[in-house]
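okay, structure incoming, though there's no sequence with it:
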Ligand SMILES: *Cc1c(COP(=O)(O)O)cnc(C)c1O
């Protein structure tokens with residue numbers, strides 16, 4: 001229904017720190033789906049957009065921080081598929097490359113102070129409660145429809161893997177992957193790398209979203225101080241990885257994920273010959289928010 005050049009290849013990763021005990025590490029390049037409707041944000045939006053369209057809602061209304069990949073993906077998807085869009089931005093008025101791009105794609109931005117922002121339904125009702133064309137999309141696209149889109153990633157795999165890795169913010173993408181594996185009856189172990197501090201809540205949230213989480217391990221010690229925080233070892237790793245593989249990753253989500261994998265490999269976490277897949281969840285514009293830290 002919303003066609004664009006959908007392309008997410010799987011590549012064998014050649015990065016020396018991963019060469020050990022006959023492991024294979026593949027990468028699912030969801031970052032290549034679209035430069036702005038990228039990665040897991042497209043997966044999550046796909047069925048939400050169809051639902052909006054089916055219900056005659058032509059105005060997408062959503063939420064995010066100033067560097068939100070979801071805001072940008074929604075803005076670009078809205079422009080591509082004939083929707084209007086409004087983004088509520090958490091916090092004080094700011095101006096950055098991400099928000100500029102959102103506006104360029106035609107998104108109206110409304111800044112909401114942090115306290116009020118917590119109650120998203122209230123914010124939506126206050127501004128658009130009377131607008132019968134407005135369609136509420138939660139922060140990050142979190143929803144049951146988002147799970148369906150993320151589950152489809154599993155259908156695109158050509159071989160079975162022992163382990164699949166994915167960055168976790170809300171855990172929605174991981175919950176969708178879990179659903180996809182269950183539907184296909186696969187024994188693959190899922191690993192979520194929490195990009196925020198105190199990620200222990202993620203497993204509970206995933207259970208709430210999808211009902212079960214028995215094949216899931218959440219790695220909670222690779223957040224480097226918290227959401228969007230960095231430390232020199234993470235930045236050094238990012239430079240080494242990008243310059244030796246040609247695959248761009250950014251410090252907020254994907255670099256933390258690959259760092260976790262490297263650390264687990266160093267610590268002999270996996271069995272000999274393990275077949276590992278990492279989902280590149282995209283979000284590369286976010287690197288512009290961290291570029292001065294390199
Ligand atoms: C939003 C985002 C995530 C987190 O996805 P969840 O489904 O909220 O866990 C991971 N990676 C990137 C690049 C993102 O933009």
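All right, it came through fine. What you see is a predicted model; the values in this text were computed from it and never measured.

what about the residue in the stretch 151-294 of the chain that the ligand sits nearest to, how many residues nearby?
Nearest residue of the stretch 151-294 of the chain to the ligand: residue 283, at 2.8 Å (Cβ to the nearest ligand atom). Yep, even glycine has a C-beta here, placed from its N, CA and C like the rest. Residue 283: 26 surrounding residues under other Cβ atoms under 10 Å.

hmm, residue 250 and it touching each other?
Yes: contact criterion Cβ atoms under 8 Å: residue 283 and residue 250 qualify, at 6.4 Å.

let's verify the residue nearest the centre of the chain: helix, strand, or coil?
Among the residues of the chain, residue 40 comes closest to the average C-alpha position under Cα atoms, centre = their mean, at 4.4 Å. Judged by DSSP: H, G, I helix; E, B strand; the rest coil, the three-state class of residue 40 is helix.

from residue 119, how far off is it?
Counting by Cβ to Cβ, to the nearest Å, the separation of residue 40 from residue 119 is 25 Å.

the strands in the stretch 151-294 of the chain, which residues?
For the stretch 151-294 of the chain, applying DSSP state E, counting those that start in this stretch gives strands covering 163-168, 189-194, 216-219, 275-280.

in contact with the closest residue to residue 215 other than its chain neighbours, which residues?
Leaving out its chain neighbours, the residue that sits closest to residue 215 by Cβ to Cβ, 6 or more residues apart in numbering is residue 190, at 5.4 Å. By Cβ atoms under 8 Å, 6 or more residues apart in numbering, the contact list for residue 190 reads 163-164, 166, 174, 177-178, 181, 215-217.

lowest-confidence helix or strand of the chain?
When the helices and strands of the chain are compared on mean pLDDT, DSSP states H and E, helix 201-210 comes out lowest with a mean of 93.

flag every buried residue along that one.
For helix 201-210, a neighbour-count test (16 or more other Cβ atoms under 10 Å) marks 202-203, 205-207, 209-210 as buried.

could you chop the chain up by domain?
Annotated domains of the chain cover 10-36+146-293, 40-141 [automatic domain parsing].

could you pull up the mean pLDDT of the last one?
To tie it back to what came earlier, the one meant is domain 40-141. Mean pLDDT, domain 40-141: 97.

contacts only, for residue 23.
Residue 23 is in contact with 265, 270, 273-276, counting by Cβ under 8 Å, 6+ apart.

quick one: the residue lying farthest from the centre of the chain from residue 110, how far?
In the chain, the greatest distance from the average C-alpha position (Cα atoms, centre = their mean) is reached by residue 130, at 31.3 Å. Separation of residue 130 from residue 110 (Cβ to Cβ): 16 Å.

just the strands in the stretch 1-150 of the chain please.
For the stretch 1-150 of the chain, applying DSSP E, counting those that start in this stretch gives strands covering 10-12, 24-29, 59-64, 84-90, 108-112, 134-136.

one step back: make a markdown table out of the strands of the stretch 151-294 of the chain and add distance to residue 49.
Listed next are these as a markdown table, based on distance: least, Cβ to Cβ, whole Å:
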| stretch | distance to residue 49 |
| --- | --- |
| strand 163-168 | 22 |
| strand 189-194 | 25 |
| strand 216-219 | 27 |
| strand 275-280 | 21 |
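
rebuild these as a markdown table, extending it with distance to residue 17 and mean pLDDT.
Listed next are those as a markdown table, based on distance: least, Cβ to Cβ, whole Å; pLDDT from 0 to 100:
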| stretch | distance to residue 17 | mean pLDDT |
| --- | --- | --- |
| strand 163-168 | 15 | 98 |
| strand 189-194 | 16 | 98 |
| strand 216-219 | 17 | 98 |
| strand 275-280 | 13 | 98 |
